[in-house]
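> got a predicted model here, sequence first, then my questions.
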Amino acid sequence: MQLDHDQLRSLLALLGESDIQELCLEGDDFRLEVRRNLSAAAPVAMVQAPVLASPPQAPVAAASPSVPPPAPPAVRSDLQAITAPMVGTFYRSPAPGEPAFVEIGSRISAGQPVCILEAMKLMNELESEISGEVVEILLESGTPVEFGQVLMRIKPA
């Protein structure tokens with residue numbers, strides 16, 4: 001199955017007008033996952049762009065089997081992660097040259113924009129779901145992100 005850009009745009013437009021919350025479509029060389037969470041309790045909901053996942057890739061063999069892989073950095077149990085709800089590009093500020101949404105040490109409240117994720121030329125503000133203090137920002141602006149990747153860690157208030 002092949003899917004060109006015009007067909008993808010048409011599909012996304014149809015999905016945007018429908019009540020479909022989740023769709024998974026697979027072809028020979030692609031996988032398309034679209035998820036959205038439109039909460040009836042919140043009158044203003046963040047618009048999320050479609051999630052495009054890259055095709056499965058073969059695992060990369062380790063260069064030297066005698067060297068153990070590095071241990072992941074320790075994560076404090078009192079912190080909560082803000083993760084990417086989609087595949088895209090992470091931006092810390094609303095536009096080039098403008099101040100970042102948040103800095104380390106910033107106090108944030110639930111619903112406050114903390115970054116932008118660009119997906120398919122759409123700029124999506126990511127709003128915090130928790131209130132607290134920004135303790136870690138794990139990425140630089142312009143960094144590609146995967147679905148579920150940790151962007152920053154917050155110490156809840």
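Cool, the structure landed. Residues are numbered from 1 along each chain as shown.
> number of nearby residues for Lys121?
Lys121 has 6 neighbours, counted by other C-beta atoms under 10 Å. Just so you know, the C-beta spots here come from the backbone N, C-alpha and C atoms, and that holds for glycine as well.
> backbone dihedrals for Leu12, both of them.
phi -70, psi -40 (degrees, to the nearest 10).
> isn't it up against Arg36?
No: at 11.0 Å, Leu12 does not count as touching Arg36 under the criterion of C-beta atoms under 8 Å.
> in the chain, what helix or strand scores lowest on average pLDDT?
Least confident helix or strand, the chain: strand 51-53 with a mean of 51, by mean pLDDT, DSSP states H and E.
> can you give me the strands in the protein?
Assigned by DSSP state E, the chain shows strands spanning 22-26, 31-35, 51-53, 80-83, 88-91, 107-108, 113-119, 122-127, 132-137, 143-145, 150-156.
> in a markdown table: those, plus mean neighbour count.
As requested, these are arranged in a markdown table below (neighbours: other C-beta atoms under 10 Å):
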| stretch | mean neighbour count |
| --- | --- |
| strand 22-26 | 13 |
| strand 31-35 | 16 |
| strand 51-53 | 18 |
| strand 80-83 | 17 |
| strand 88-91 | 21 |
| strand 107-108 | 16 |
| strand 113-119 | 20 |
| strand 122-127 | 17 |
| strand 132-137 | 18 |
| strand 143-145 | 16 |
| strand 150-156 | 18 |
